[in-house]
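Colleague: fold the stuff below for me.
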Amino acid sequence: MARVAREMVEKAGIHVDQLLNLLVRNAAAELTTYYYYTILRANLIGLEGEGVKEIAEVARIEDRNHFEALVPRIYELGGRLPDDLKEFHDLSACPPARLPENPSNIQAMLTVLVEAERCAVRGYTHICNLTAGKDHRTYDLALAILNEEIEHESWFSEFLGEGPSGHFMRRGETSPFVSKFLR
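Modeller: Numbers count the residues shown, from 1 in each chain. So this is what the prediction gives:
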């Protein structure tokens, strides 16, 4: 644990145990979303599904990266991940992004994908609001993840016909905002 890091966050007025709870729950959401997106991506077949598959894959890999970036901050602040994977799954800040009853229904698949991203956007916005001006490292990390989650949401919402977002699919680059935390 980085004792001074925790001390400075506490002195800034943040209840560190509350923040750690949020970080662990969001790390659980990222890892479980990575898992569920693996299943969703495998079921994105046919003409409509193939058009969504690449975007789902980018979101899937970036969610894994988000998990990897969150873990060091959790431990820096004196937290830890649960020893039991099922317990960790059940702590998730977001509901499971499970395969819809009819996986050939691409609209249902897109709804699962966009709702998972919207939950993540809400969670990281909350962490940003909690840490802004007080815990610069956690804020920077949460903001980086938030930027990527907003892009994911916009990609899936466009496929649902909710209107243009102005965001474009990234080519050959994953986690442009979070990559600095993965070094």
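
Colleague: low-confidence ranges in this protein?
Modeller: Scanning the chain with the threshold set as pLDDT under 70 gives 1, 170.

Colleague: what's the single longest helix in this structure?
Modeller: In the chain, with assignment by DSSP state H, the single longest helix is helix 46-76.

Colleague: contact partners of the helix or strand following it?
Modeller: Next helix or strand after helix 46-76 toward the C-terminus (DSSP states H and E): helix 85-90. With contact meaning Cβ atoms under 8 Å, 6 or more residues apart in numbering, helix 85-90 is reached by 28, 31-32, 81-82, 96. C-beta here means a position set from N, CA and C on the backbone, and glycine is covered the same way.

Colleague: buried residues, the longest helix of the chain. List them.
Modeller: Neighbour-count burial for helix 46-76, with 16 or more other Cβ atoms under 10 Å as criterion, is recorded at 49, 52, 55-56, 58-60, 62-71, 73-74, 76.

Colleague: CSV for the contacts of helix 85-90, including distance to Cys119 and neighbour count?
Modeller: Formatted as CSV, the contacts of helix 85-90 follow (distance: Cβ to Cβ, whole Å; neighbours: other Cβ atoms under 10 Å):
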residue, distance to Cys119, neighbour count
Ala28, 12, 23
Leu31, 14, 22
Thr32, 11, 25
Leu81, 20, 18
Pro82, 20, 13
Pro96, 11, 15
